[in-house]
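Chemist: quick one, what's the 3D model for this:
(chains A, B, C and D)
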Protein chains: 4
Amino acid sequence: MKSSDELPFDKLREECGVVGIWGAEEAANLTYLSLHALQHRGQEGAGIVTADGDTFHIYRGLGLVGEVFGEEAIQGLPGKASVGHVRYSTTGESNHKNVQPFLVRYRDGHVAIAHNGNLVNGPQLRISLEESGSIFNTTSDTEVILHLIATSQQKTFVNRLVDALTQVKGAYSLVLLTNDKLVAVRDPLGIRPLVMGRMGDAVVFASETAALDLIGGVYEREVEPGEMIIVDSDGMTSLSPLPRADRKACVFEHIYFSRPNSKTFGISVYESRYQMGQTLAKVQPVEADVVIAVPDSGTSAALGYAFASGAPFQQGLIRSHYVGRTFIEPSQRIRDFGVKLKLSPVREVIAGKRVVVVDDSLVRGTTSKKIVRMLRDAGAKAVHVRICSPPIRGSCFYGVDTPTKEELIAHRMSPEEVCEYLGADTLSYLPLDVLHAMQGDTASTYCDACFSLNYPVKVSEEEERNQLGLFAGPEAL
Amino acid sequence: MKSSDELPFDKLREECGVVGIWGAEEAANLTYLSLHALQHRGQEGAGIVTADGDTFHIYRGLGLVGEVFGEEAIQGLPGKASVGHVRYSTTGESNHKNVQPFLVRYRDGHVAIAHNGNLVNGPQLRISLEESGSIFNTTSDTEVILHLIATSQQKTFVNRLVDALTQVKGAYSLVLLTNDKLVAVRDPLGIRPLVMGRMGDAVVFASETAALDLIGGVYEREVEPGEMIIVDSDGMTSLSPLPRADRKACVFEHIYFSRPNSKTFGISVYESRYQMGQTLAKVQPVEADVVIAVPDSGTSAALGYAFASGAPFQQGLIRSHYVGRTFIEPSQRIRDFGVKLKLSPVREVIAGKRVVVVDDSLVRGTTSKKIVRMLRDAGAKAVHVRICSPPIRGSCFYGVDTPTKEELIAHRMSPEEVCEYLGADTLSYLPLDVLHAMQGDTASTYCDACFSLNYPVKVSEEEERNQLGLFAGPEAL
Amino acid sequence: MKSSDELPFDKLREECGVVGIWGAEEAANLTYLSLHALQHRGQEGAGIVTADGDTFHIYRGLGLVGEVFGEEAIQGLPGKASVGHVRYSTTGESNHKNVQPFLVRYRDGHVAIAHNGNLVNGPQLRISLEESGSIFNTTSDTEVILHLIATSQQKTFVNRLVDALTQVKGAYSLVLLTNDKLVAVRDPLGIRPLVMGRMGDAVVFASETAALDLIGGVYEREVEPGEMIIVDSDGMTSLSPLPRADRKACVFEHIYFSRPNSKTFGISVYESRYQMGQTLAKVQPVEADVVIAVPDSGTSAALGYAFASGAPFQQGLIRSHYVGRTFIEPSQRIRDFGVKLKLSPVREVIAGKRVVVVDDSLVRGTTSKKIVRMLRDAGAKAVHVRICSPPIRGSCFYGVDTPTKEELIAHRMSPEEVCEYLGADTLSYLPLDVLHAMQGDTASTYCDACFSLNYPVKVSEEEERNQLGLFAGPEAL
Amino acid sequence: MKSSDELPFDKLREECGVVGIWGAEEAANLTYLSLHALQHRGQEGAGIVTADGDTFHIYRGLGLVGEVFGEEAIQGLPGKASVGHVRYSTTGESNHKNVQPFLVRYRDGHVAIAHNGNLVNGPQLRISLEESGSIFNTTSDTEVILHLIATSQQKTFVNRLVDALTQVKGAYSLVLLTNDKLVAVRDPLGIRPLVMGRMGDAVVFASETAALDLIGGVYEREVEPGEMIIVDSDGMTSLSPLPRADRKACVFEHIYFSRPNSKTFGISVYESRYQMGQTLAKVQPVEADVVIAVPDSGTSAALGYAFASGAPFQQGLIRSHYVGRTFIEPSQRIRDFGVKLKLSPVREVIAGKRVVVVDDSLVRGTTSKKIVRMLRDAGAKAVHVRICSPPIRGSCFYGVDTPTKEELIAHRMSPEEVCEYLGADTLSYLPLDVLHAMQGDTASTYCDACFSLNYPVKVSEEEERNQLGLFAGPEAL
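Modeler: Numbering: from 1, shown residues only, chains lettered A, B, ... in the order given. Sure thing, here's the model as predicted:
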């Protein structure tokens, strides 16, 4: 017997979602629901810290938000201020320690932190902190920020935080909670998203507007790149304490990470995907009888593609939503077992047809190869693969879990080679220059380093090694 | 705090799915995967019985297939023959007893049974069996069949089974397992589906072809109405021991129950739904800017509707697939909380538009009312509800969990009143005569009693009372 | 790695404990506490059925009483009448079905039953019931009684029950619950114990007085052999409907099964054991420096032995009470690992001493052999094993889980051979005639078939085979 | 309904047990078994860290050792060196962080620590560490030691550790594990126990010899007060780097904490208790018919008392070993419910007798009061309470969980008042001077501050406040 380990699909993975709430009755309950709305950003761990005057409460666990938190857990988190986090992590007790928010005591009291992003110079900072006597409890770069706050010579929490952030390089959307304030801050490049909204008198920060929508909050605006918003009993203060820079928002939020019903970086994710599909249909047309999506992530783009191409959109692949984490495979293996557990072809849609199958992105190509085979087995006369993003050629160092360059199919193969590998009749990506054209004047405000290798925060060779080395090293820490 | 109990949505519920496998290595593992493919037919309990020569093994539990069965459970089910079952049930230990397959000993040995359907005269048979000294361990009518087998004067298992089935009235697709044979049988009207396929030398029975597809089996044909197929070491035998009748296949399998990628009663479910959508667009047209579905069940019909209407199909509602069984709601209730947990509107698709929202069926109307409100909140200029099935006016007595007549909105209200209740601009159902016209010559081979009140198996008033009385009575039994 | 499976110790195992309560607020809670006091009689499964007017509630599970029942489970069992059961069983879902009480519906309504004992002619009755069309859901002989009730031609529940019991042979202390009465009955020989007490107006039946003591009930008397006590809204009625016989109470209740603080068959268990120890010291004296017990079951007898012998009683073996069900042993095995997990020698008590080690009984001898070795390793100069009961030479057919005769060391070996096998300096049992002398006039009122092979209920060879055959046969049923 | 929260009994609680192993195959498995043998020293959390070359593995959890560790957990802990810990802790996720061993990274690599004891100046050290920028993840004083190691200016791990320990005041028996060495160290006063043994070539440290016995290790000697033993690939080195002091071993280890089969501070615990009982009988004699113990902790002393007094020892109270953590009490409360769950009187031993009931110590007196009442209810003619230790008049600051002074009955009441409170006929403690006389020359080598208020490590008023303040403060940290 062998369990299927092909899940999740061959996708890049956003590493986190964060929430911060100030001034709400039942802050923990609202945070928990918000985290549920951000569940797609991290499915392996969730946690909430609340502050109830000077008393802090913490509850964290491995699993989905709905699994981690029961009624008792929520009731054990009193207070009107809270921060929450969802994350990816590998399994095992050892990593339980890595579930955020982190809550620590330092000289001025307690501070809780939840972080979306990745610090490019985390490992170096860690080494130098260790050299000054800091001890590390986790393998997370987020802990570096806490040590920088604790060791800062500044006198107030906000100044300590500013001091800390001036030393870090990379991507961070942070929410921090002390006994008397909630702070939200986004790195100067605004790489990862963070929005602000209100629920009556309460203030809510979240990675995506979808979180606001679920709890009945009203979206107000993005936290700006480099902006630090402080909420306390005196109200809200906005600071811009960090050196200014041009925004470099992660384009992959629009391509895959954010929910279609979110507005991310001020733009509708659904519209953005629909338009990428339309554009791809125009620049990479093909004669076809039907357009289908790889659900669910490819659906918005596929609808746009179908609309622009004139071929009808159909449900050629049905997704099962009961798939758990592992499934036991018979010893006599079932062909394309892992994909079949999730996707079932609709033979009547496919048989005898020239099929355009639309996906949002192509990472290693392993799942797509099986999908092409599944479509041919279902009788497709031709299979045209359309990827509504450019080829992924480089790793991300700003908070996205990408395979190494060597595993990225577009790093190793030309589009023609990829097409052959997949067994497709044709394969087209959305060309990078076309994407830029679509973005128009705003093109330069996006980070597309995974496509262009144009990294807005430079990563030295040592840093690149460190990324994979120092933090990942000992299993347990 | 209050948990959301609005889940699942306002839908009729198919009560069961069954699987039977003969002659396969790892029969239990294949059965488990097949049950996973039938998970939509019953999400609250699952079980498998295998026979390994004269030794029987059983494993059953409450929950999803992937939760009930772990590797250890599968390994504890050796043998090359098995039957499996997924079902709905209410919570609590007491109903653990109702999880099928049932496995009992009677004079000739062991027999396991898995049943999809409902016996109209189950309660009466139960009373008369009790009068002859039978004791009942469950509240399930399936146990009646076992007692009829055990008390039959016939000499062989097959004859006993025939004897039993000649006494029952109603809907049943059954698989039964003894130490030396697997039997699949469908009631004379063929109300509930049951298909037969092969995997190499092994024979597989399942409620839907989707189960065959997942395990790499090949669909061969339906078990015919009134047919009994016996598989043993001598091969396969087909009998037609029951009085002949005209087929009355459940039309709701096409409308909602079966997976779109299944072929049920010989017809593609996806095509059937797509066509219902097309037809509805033709007979109930409306000026609109966009056609959206209530996902996932309304999507196929919505695509058909959009195609026929000329208005573009868009994803106006995004479904969350992380919803667990209950979610904790803050004491200050969130408007339409239960629906919001599952469905999120895409404002850009809806705002300022005349929206056609397509669903497969309308039961109580409670969820739809919230969806209409959600669409208006998202800025819809007009909301036109299109239901791709006729009004549901009566309960089902053949294995579908329907509310009482009084709860069915179409029993209480005219379409105009329903429209007003929902707060929609217009509401249209697929008229029953139009559905009949679509079905053409085959119209009479379907049971559409829930629409037409034309019940193919007559249910006396006493039987109707009994349905809700005798079996449901004492909590624990 | 290998788990220790030597637990529990080498003891005979009482198979069950029963409780019945009528007329008490919170009957389920009191039953649960009573079952806890009977936990030593069955540690692998527990269940409670309550009746609340015509509604019955059931909750059962595998494990200890404190594990099976939480607050929610108790709250889900309303009603003022209840029956409860603890039992031994083997692991696995299949045997979940065997956890009592059983609750079934028959022609006159519901009946729940809890049974301590074993029916000698259960298998034959089962066969003949199956021949008349009964189906069996469990492998338990208790189900036979239910079928006999259900198929009886008598008209009232009590008459049906009497009719059923006149057909069964063997040992039974039963409590049965219907919608309007609680019935307690003990077989004509009174083999297994059953006592009656009161708590205010409520009536309580239990296997031992320890259950009454815990809940603050007052012991009134034993249910007499062959007596049937019926409690209903009219009060209490005592019947003696079964053919009279001389009492044959299980002597092993005094030797090992009952708690020392219980009064069983009208006699203090503690005194009984203490006296057996005293007697043994007199008839089998030995020069010794210290008397120690194999705790906990040997302690009472060891104290009696020490008192009579004049040598001081000391704690030579300390018992760990944290032992769970399995412990993981290193691959390089630890000598006498299983025993060491439970018992630790106190070197200072043992080293250089002539040690008398007292145990209540000797079954296979496997544990005792390790204990003798452990004492020698701790420096004992001599080890004298004293067993305060006669040699066990035959199996029990009346509700005690005994090994087969072949496994019983006293069946295979003379006391001298046993002594050599154990590695002891001397070994003495309490001779059967001495036990009889101790019992005086009452000697004939005890069943000591396991020592004397004098079975009060004759067991034919076929019945003996059946005991091990029919019910044990198929794993799952 | 109300759960019983009277458990555990009215006892002082040893706070921890530690284990360290170097050079053994399956070090984790041996550590787990050793922790099981130390389970009585801490029942609420357990953890193990292993080092496998430079890779560290950690597994910790709340609950008993047998609950926390399954086979999978043990297999996930490879390596030949390990440290383990059992502890008391309060419930809740927040305290999951407090389960030891702690494993952190500092500048020279990883270090794991397990600690038995308490640092008197922990809070002050914490404040000054925070002032230098350290952050705290737990509320445990053990974390202070890690920060002192990390911030030390010394160059090697051992020197850093020495540097750290010269700064702490209080009680500590520590085991520490780095990638290349295992270090065991005991505070200069040797307050808490720590022994060293061998298993073939492997070295084992443990709080008690019972741990060695279980795994087949051989006791070699105590780690001396102030001694630091370093084990690495070069063998074993003993250092005495800390200022010399006279030993002050915790006398309560002999009275209650250690297992009777352990040799603690070089003396048999069983003999020690037996002798205390004997001595008490001589100095506080009373006419009695029977001597009984409060099992299990009072049994050894009761045997000594009985022997010296001439009255027979009997089992007057039977202890149930099935008690779980909580039991649900009916709303109509059962008198002395919590005690009854654990202890049952044997009426025949008690009724009509003058009873001496022996216990090891008396803390609040709440349980004893109920026991006296239970004995009277069982018919005792007189109840003489004998406590085999002096009156507890002060709190412990060295690693024992004592109530505040105000809760200690001997702080508030004279022996006569206590006797009256308990409802006993007479009450005697073991007088402190008699205890000293028993100890002879070694009396000055024991800490008996809880009796004498003679604290070997002075605790300032501020420190006393801090003990209850700083660490206990915020719930979550």
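Chemist: show me what from chain A comes close to chain D.
Modeler: Proximity of chain A to chain D, by Cβ under 8 Å from any Cβ of the partner chain, involves residues A:49, A:54-61, A:73, A:76, A:92-94, A:96, A:103-107, A:110, A:127, A:130-137, A:146-147, A:150-152, A:474-477. (Glycine included, C-beta is placed from N, CA and C.)
Chemist: give me the subset of the residues you listed lying in helices.
Modeler: Secondary structure assignment (DSSP state H) places A:Ala73, A:Glu93, A:Ser94, A:His96, A:Ile127, A:Glu130, A:Glu131, A:Leu146, A:His147, A:Ala150, A:Thr151 from the residues of chain A next to chain D within helices.
Chemist: just to revisit the earlier point, the residues of chain A next to chain D, buried ones only, as a ChimeraX selection?
Modeler: Here is the ChimeraX command that selects the buried residues among the residues of chain A next to chain D (16 or more other Cβ atoms under 10 Å in any protein chain shown):
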select /A:49,55,56,57,58,59,60,61,73,76,93,94,96,103,104,105,106,107,110,130,133,134,135,136,137,146,147,150,151,152,474,475,476,477
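Chemist: how much space between A:Glu271 and A:Cys16?
Modeler: For A:Glu271, the distance to A:Cys16 under the criterion Cβ to Cβ, to the nearest Å works out to 25 Å.
Chemist: out of these two, which sits in the more crowded spot?
Modeler: For A:Glu271 versus A:Cys16, the count of surrounding residues by other Cβ atoms under 10 Å in any protein chain shown is larger for A:Cys16: 25 against 19.
Chemist: surely that one meets A:Val99?
Modeler: No. At 10.8 Å, A:Cys16 and A:Val99 do not qualify as touching, with contact defined as Cβ atoms under 8 Å.
Chemist: shared neighbours of these two, anything?
Modeler: A:His85, A:Arg87 (Cβ atoms under 8 Å, 6 or more residues apart in numbering or on different chains).
Chemist: point to the helix or strand of chain A where mean pLDDT is at its lowest.
Modeler: Taking mean pLDDT, DSSP states H and E as the measure, the helices and strands of chain A show their lowest mean at strand A:2-3, namely a mean of 38.
Chemist: which residues of the stretch 251-400 of chain A fall in helices?
Modeler: Counting by DSSP state H, counting those that start in this stretch, one finds helices in the stretch 251-400 of chain A at the ranges A:252, A:269-283, A:299-309, A:337-342, A:347-350, A:366-377.
Chemist: show me where pLDDT drops low in chain A?
Modeler: A:1-9, A:89-95, A:323-325, A:465-477 (pLDDT under 70).
Chemist: tell me the contacts of the residue of it most remote from its centre?
Modeler: Here the centre of chain A is the reference, and by Cα atoms, centre = their mean the most remote residue is A:Gly352, at 38.2 Å. If a contact means Cβ under 8 Å, 6+ apart, then A:Gly352 has A:Gly379, A:Lys381 as its contacts.
Chemist: against B:Glu67, how distant is the closest residue to chain D within the stretch 251-400 of chain A?
Modeler: The minimum distance from the stretch 251-400 of chain A to chain D, using Cβ to the nearest Cβ, falls at A:Thr326 (14.5 Å). Taken as Cβ to Cβ, the spacing of A:Thr326 relative to B:Glu67 amounts to 12 Å.
Chemist: those two: who's more crowded?
Modeler: Neighbours around A:Thr326 and B:Glu67, counted as other Cβ under 10 Å, are more numerous at A:Thr326. The numbers are 15 against 12.
Chemist: one step back: farthest pair within the ones in helices among the residues of chain A next to chain D?
Modeler: Between all members of those, the longest pairwise span (Cβ to Cβ) is found for A:Ala73 and A:Glu131 and amounts to 38.9 Å.
Chemist: rewinding a little: quick check: next helix or strand after the least confident helix or strand of chain A?
Modeler: Next in sequence after strand A:2-3, counting helices and strands by DSSP states H and E, comes strand A:13-14.
Chemist: next SSE downstream of that next one?
Modeler: Past strand A:13-14, further along toward the C-terminus, the next helix or strand under DSSP H and E is strand A:16-22.
Chemist: and that following strand, what does it pack against?
Modeler: When contacts are defined as 3 or more Cβ pairs under 8 Å, 6 or more residues apart in numbering or on different chains; DSSP states H and E, strand A:16-22 packs onto helix A:27-37, strand A:81-87, strand A:109-119, strand A:170-177, strand A:181-186, strand A:202-206.
Chemist: and the first one, anywhere near chain B?
Modeler: Yes. Part of helix A:27-37 sits near chain B under the criterion Cβ under 8 Å from any Cβ, namely A:Asn29, A:Leu30, A:Tyr32, A:Leu33, A:His36, A:Ala37.
Chemist: spatially, which two of the residues you listed are the most separated?
Modeler: The two members of the residues of helix A:27-37 next to chain B with the most space between them (Cβ to Cβ) are A:Asn29 and A:Ala37, at 13.2 Å.
Chemist: the more surrounded of these two?
Modeler: Applying other Cβ under 10 Å to A:Asn29 and A:Ala37 shows that A:Ala37 carries more neighbours, namely 30 against 27.
Chemist: doesn't A:Glu208 make contact with the more buried one?
Modeler: Yes. Checked against Cβ under 8 Å, the pair A:Ala37 and A:Glu208 is within contact range at 7.4 Å.
Chemist: what touches both of these two?
Modeler: Residues touching both A:Ala37 and A:Glu208 comprise A:Arg259, with contact defined as Cβ under 8 Å, 6+ apart.
Chemist: what parts of the stretch 1-150 of chain A come near chain B?
Modeler: The stretch 1-150 of chain A has residues A:1, A:3, A:25-26, A:29-30, A:32-33, A:36-37, A:39-40, A:43, A:64-67, A:69-71, A:74-75 near chain B, with proximity defined as Cβ under 8 Å from any Cβ.
Chemist: for ChimeraX, what selects the buried ones among the residues you listed?
Modeler: Selection command for ChimeraX covering only the buried members of those, criterion 16+ other Cβ under 10 Å:
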select /A:26,29,30,32,33,36,37,39,40,43,64,65,66,69,74
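Chemist: for whichever residue of the stretch 1-150 of chain A sits closest to chain D, grab phi and psi.
Modeler: Minimum separation of the stretch 1-150 of chain A from chain D (Cβ to the nearest Cβ) falls at A:Gly133, amounting to 3.3 Å. Backbone geometry at A:Gly133, expressed as degrees, to the nearest 10, gives phi 100, psi 10.
Chemist: now it: closest residue in space, sequence neighbours ignored.
Modeler: Leaving aside its chain neighbours, A:Gly133 sits nearest to D:Thr151 (3.3 Å; criterion: Cβ to Cβ, 6 or more residues apart in numbering or on different chains).
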